[in-house]
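Asker: Below: sequence and its predicted model.
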Amino acid sequence: MAIISFSKDVLVDYVPAYGGNRESDNPCVVRIRFVPYGRVQDYSRLVAAKAKGLSSNDISKINEITADIQKKQFIENVDSVDHFMLDGREVKDASLFYEYAPKELIYEIIRAMEDSAKLSDGQRKN
């Protein structure tokens, strides 16, 4: 069986499994780019560069830097969102989605953008 992947420029309509979303009649769909391992390493190097000079005791600062880079990765690779409701209105913007979506949903999307197999599994079927 072949291993299927995506180029970094292709947008994939991903339907998260979070909260039974995939079984919904009108599921939330996140249009994302695959983030290959080399690009994941680039984000890791950004964290290391920003944390350079900090001691290992500066856990809160290191966590803050990591969270900022994770948000950067998310916003750079999520093109749009459909059917995510916030206070009765639809949120389509990646940065607003990142701010208001549940933590586990955000983590699921990050895992999918970094793993072509997970991205394929959640790809919207027409």
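Answerer: Ah, there it is.
Asker: ok, residues contacting stretch 117-126?
Answerer: Contact with stretch 117-126 is made by 3-4, 6, 12-17, 22, 29, 32, 34, 111-113, as judged by CB atoms under 8 Å, 6 or more residues apart in numbering. (Each C-beta comes from the backbone N, C-alpha and C, glycine too.)
Asker: Next: stretch 53-73.
Answerer: If you take CB under 8 Å, 6+ apart as the criterion, stretch 53-73 is touched by 35, 43, 46-47, 50-51, 95, 98, 110, 113.
Asker: Can you tell me how far Glu64 is from Leu96?
Answerer: As for Glu64, its distance to Leu96 is 21 Å (criterion: CB to CB, to the nearest Å).
Asker: Top of the contacts of stretch 53-73 by number of neighbours, please.
Answerer: Highest neighbour count within the contacts of stretch 53-73: Met113, with 26 neighbours (other CB atoms under 10 Å).
Asker: thinking that residue is in contact with Tyr37, fair?
Answerer: No: applying CB atoms under 8 Å as the test, Met113 and Tyr37 come out as separate, 11.8 Å apart.
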